[in-house]
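K.L.:
Provide a 3D model corresponding to the input given below.
(chains A and B)
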Protein chains: 2
Amino acid sequence: MSQPLTVPPGEKMCLKDFDASYTGGIENKKDAQAELDENIEVLSDLGYRLYAENRRALLLVLQGMDTSGKDGTIRHVMKGFNPQSCQVTSFKQPGIVELDHDFLWRIVRMMPSKGNIGIFNRSHYEDVLIVRVHNLVPKSEWRTRYERINLFEKMAHQGGTSLVKVFLHIGKDEQRKRLQSRLDDPQKHWKFSKADLAEREFWDDYQEAYDDALTRCNTEHAPWHIVPADKKWYRNLVVSRILRQTLEKMDPQYPPAEEGLEGIVVK
Amino acid sequence: MSQPLTVPPGEKMCLKDFDASYTGGIENKKDAQAELDENIEVLSDLGYRLYAENRRALLLVLQGMDTSGKDGTIRHVMKGFNPQSCQVTSFKQPGIVELDHDFLWRIVRMMPSKGNIGIFNRSHYEDVLIVRVHNLVPKSEWRTRYERINLFEKMAHQGGTSLVKVFLHIGKDEQRKRLQSRLDDPQKHWKFSKADLAEREFWDDYQEAYDDALTRCNTEHAPWHIVPADKKWYRNLVVSRILRQTLEKMDPQYPPAEEGLEGIVVK
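P.N.:
Next up, the predicted model:
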């Protein structure tokens, strides 16, 4: 039994074909911990080399339904990165100034600079998700956005930014449990909003909008990864693996030294 | 034997009165490690509560001579913070657009948002340090900046941002050793630039410019901390203590829950 993380570009993506509770044969958190810890350590080193190299960037796009664990993934997997070279941007409801521009305007402004790792907690994909589900712009507008997203991501890739797109996949019943636990635990009350219950009513519409976005914007240079996220520990493990593989493939190098350093004695 | 970390506002600050190799009676790195680890853990929790509270911000301004350990402090002390609520800005040589504005323009733009921790690796203080030492603007301009900095910091404080200003204090001989080790160790070559040797020639001018900045911009709401930094492990320990004390004093609280959550059952 195995489950693909990615699907070949062009192929139709259907979230209902992916098991959100899949754990790749690993039984529990304890069995995943050693590999996660090792990955975090390796990520710390690779991130530092990317920073020293100062030539390319990495962008992680995190998407998922409410409670799918975007915040938790950042908190638990990204802690090995040097805060100096890692920036997280949470894209929330756009304001008046942002709405006065094309939807990609605010995204471009937050792209990571050379040597850095950018993390988008939600992203330009919201502009073909919540926007589509709630008819916030006309269909004639949002249906053009898939191609524009592909152009933008290709441009970023050619400009030296490696894109990693991750969809945290939870089941509808797992979301129910998580929302309920935010209600039942006073320590988690601050994370709960009644608006989350209203959004839950649109579950099927969101899944359909995701199927479309995941299918249409799944490209060679910026593929989507469907990460089973019902088990938080497996989700963390898989995201750490994806980042590790990406950075290992990038293989960042310390830059060459300035010429003529031999024999210099500092006085 | 003890050494103050701060000096009362108004009092003349003289770096040569502070021992850069001071370690507060702690003998070695091993003896400092347990407290540092504990502080990092506490910082992680306090930072998370600040983020949840989403009402106030914290700004750490890091200054110090070349090789004083600004990067290392960020890497080793800030790793407990959630990257989602911690942003580091390295202020480098300003570009043409930045120079077309007042020196505080680029600073204001990078202030941390509510719930967040901002870290400035170098800052607006460079505009009364390198700028003064190398006559990059006329004296008639830079001498007005101390007061403008005080106004800006007071404004930030009143706007809900707690300011912590840290000067990492190393001795001239310690800088010599660190520059030499960057030359001698090929792994550190990428950190070395011959320009650092040229800057070292201006050591005394910088110390004098620092004495002035530390004296004139040492206020009740934004005091300077002189951190002995010859020993990296002591430097890390002291910075972690300062941050911990600041955040404990701020005492951030989880926000109140939305009304009417009792008895809700998620379907």
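K.L.:
find the nearest non-adjacent residue to A:H76, please.
P.N.:
Spatial nearest neighbour of A:H76, chain neighbours left out: A:N236 (5.1 Å); criterion: Cβ to Cβ, 6 or more residues apart in numbering or on different chains. The C-beta positions use only the backbone N, C-alpha and C, and glycine is treated the same way.
K.L.:
which helix or strand contains the one you found?
P.N.:
Assigned by DSSP states H and E, A:N236 belongs to helix A:232-250.
K.L.:
show me what that helix is packed against.
P.N.:
Counting contacts by 3 or more Cβ pairs under 8 Å, 6 or more residues apart in numbering or on different chains; DSSP states H and E, helix A:232-250 packs against helix A:29-53, strand A:57-64, helix A:70-77, strand A:161-169, strand A:224-228.
K.L.:
circling back to that earlier point, tell me, how many neighbours does the residue nearest to A:H76 end up with?
P.N.:
Look at A:N236: counted by other Cβ atoms under 10 Å in any protein chain shown, it has 24 neighbours.
K.L.:
which residues touch it?
P.N.:
Listed by Cβ atoms under 8 Å, 6 or more residues apart in numbering or on different chains, the contact set of A:N236 reads A:A32, A:L36, A:G72, A:T73, A:H76, A:V77.
K.L.:
now the helices and strands packed on helix A:232-250 in TSV, with mean neighbour count?
P.N.:
What follows is those, written out as TSV (neighbours: other Cβ atoms under 10 Å in any protein chain shown):
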stretch	mean neighbour count
helix A:29-53	17
strand A:57-64	23
helix A:70-77	21
strand A:161-169	22
strand A:224-228	24
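K.L.:
can you add mean pLDDT and distance to B:I170 and give those back as JSON lines?
P.N.:
Shown next, in JSON lines, are the helices and strands packed on helix A:232-250 (pLDDT from 0 to 100; distance: least, Cβ to Cβ, whole Å):
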{"stretch": "helix A:29-53", "mean pLDDT": "97", "distance to B:I170": "22"}
{"stretch": "strand A:57-64", "mean pLDDT": "98", "distance to B:I170": "32"}
{"stretch": "helix A:70-77", "mean pLDDT": "97", "distance to B:I170": "34"}
{"stretch": "strand A:161-169", "mean pLDDT": "98", "distance to B:I170": "36"}
{"stretch": "strand A:224-228", "mean pLDDT": "98", "distance to B:I170": "45"}
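K.L.:
which one of the ones you listed lies nearest to A:C86?
P.N.:
Each of the helices and strands packed on helix A:232-250 has some distance to A:C86 by Cβ to Cβ; the shortest is helix A:29-53, at 6.9 Å.
K.L.:
list the contacts of A:Y22.
P.N.:
Per Cβ under 8 Å, 6+ apart, neighbours of A:Y22: A:Q3, A:P228, A:Y234.
K.L.:
so how far is stretch A:212-225 from its chain's centroid?
P.N.:
Stretch A:212-225 sits 13 Å away from the centroid of its parent chain (Cα atoms, centre = their mean, to the nearest Å).
K.L.:
in that stretch, what's buried?
P.N.:
A:D212, A:A213, A:L214, A:T215, A:R216, A:C217, A:N218, A:T219, A:A222, A:P223, A:W224, A:H225 (16 or more other Cβ atoms under 10 Å in any protein chain shown).
K.L.:
what about that stretch, how long is it end to end?
P.N.:
14 Å (Cα to Cα, to the nearest Å).
K.L.:
with distance to B:Q175 added, can I get the helices and strands packed on helix A:232-250 in JSON lines?
P.N.:
Shown next, in JSON lines, are the helices and strands packed on helix A:232-250 (distance: least, Cβ to Cβ, whole Å):
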{"stretch": "helix A:29-53", "distance to B:Q175": "21"}
{"stretch": "strand A:57-64", "distance to B:Q175": "32"}
{"stretch": "helix A:70-77", "distance to B:Q175": "37"}
{"stretch": "strand A:161-169", "distance to B:Q175": "36"}
{"stretch": "strand A:224-228", "distance to B:Q175": "46"}
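K.L.:
which one of the ones you listed lies closest to B:E11?
P.N.:
Among the helices and strands packed on helix A:232-250, the nearest to B:E11 by Cβ to Cβ is helix A:29-53 (39.3 Å).
K.L.:
what is the closest one packed up against?
P.N.:
Where contact means 3+ Cβ pairs under 8 Å, 6+ apart, helix A:29-53 is packed against helix A:70-77, helix A:232-250.
K.L.:
among those, which is nearest B:E53?
P.N.:
Smallest distance to B:E53 across the helices and strands packed on helix A:29-53 (Cβ to Cβ): 15.4 Å, for helix A:70-77.
K.L.:
check which helices and strands that closest one sits against.
P.N.:
helix A:29-53, strand A:57-64, strand A:117-121, strand A:161-169, helix A:232-250.
K.L.:
switch the cut-off to 6 Å
P.N.:
Judged by 3 or more Cβ pairs under 6 Å, 6 or more residues apart in numbering or on different chains; DSSP states H and E, the packing partners of helix A:70-77 are helix A:232-250.
K.L.:
list the buried ones in the helix it packs on?
P.N.:
Neighbour count says helix A:232-250 has A:232-244, A:246-247, A:250 buried, by 16+ other Cβ under 10 Å.
K.L.:
what of stretch A:248-263?
P.N.:
Residues A:M250, A:P252, A:Y254, A:A257 are the ones in stretch A:248-263 that count as buried (16+ other Cβ under 10 Å).
K.L.:
how about stretch A:5-14?
P.N.:
A:L5, A:V7, A:M13.
K.L.:
CA atoms only: put that stretch into PDB for me.
P.N.:
C-alpha atoms of stretch A:5-14 as PDB (Å, rounded to 0.1, in the frame of the first residue of the first chain):
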ATOM      1  CA  LEU A   5       2.600  12.600  -3.200                       C
ATOM      2  CA  THR A   6       2.500  14.100  -6.600                       C
ATOM      3  CA  VAL A   7       0.600  13.500  -9.800                       C
ATOM      4  CA  PRO A   8       2.100  14.000 -13.300                       C
ATOM      5  CA  PRO A   9       1.300  17.400 -14.800                       C
ATOM      6  CA  GLY A  10      -1.800  17.400 -16.900                       C
ATOM      7  CA  GLU A  11      -3.400  14.500 -15.100                       C
ATOM      8  CA  LYS A  12      -6.700  15.200 -13.400                       C
ATOM      9  CA  MET A  13      -6.300  15.500  -9.600                       C
ATOM     10  CA  CYS A  14      -9.100  14.300  -7.400                       C
END
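K.L.:
what's that stretch in contact with?
P.N.:
In this structure, residues lying in contact with stretch A:5-14 by Cβ atoms under 6 Å, 6 or more residues apart in numbering or on different chains are A:D211, A:L214, A:T215, A:N218, A:T219, A:E220, A:P223, A:H225.
K.L.:
which one is A:E98 nearest to, not counting chain neighbours?
P.N.:
Leaving aside its sequence neighbours, A:E98 sits nearest to A:R106 (Cβ to Cβ, 6+ apart; 4.9 Å).
K.L.:
what helix or strand does the one you found sit in?
P.N.:
helix A:105-109.
K.L.:
output that helix as CSV, nothing but the C-alphas.
P.N.:
C-alpha atoms of helix A:105-109 as CSV (Å, rounded to 0.1, in the frame of the first residue of the first chain):
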residue,chain,number,x,y,z
TRP,A,105,0.5,42.3,-6.8
ARG,A,106,0.7,41.5,-3.1
ILE,A,107,2.2,38.1,-3.7
VAL,A,108,5.1,39.4,-5.8
ARG,A,109,6.0,41.9,-3.1
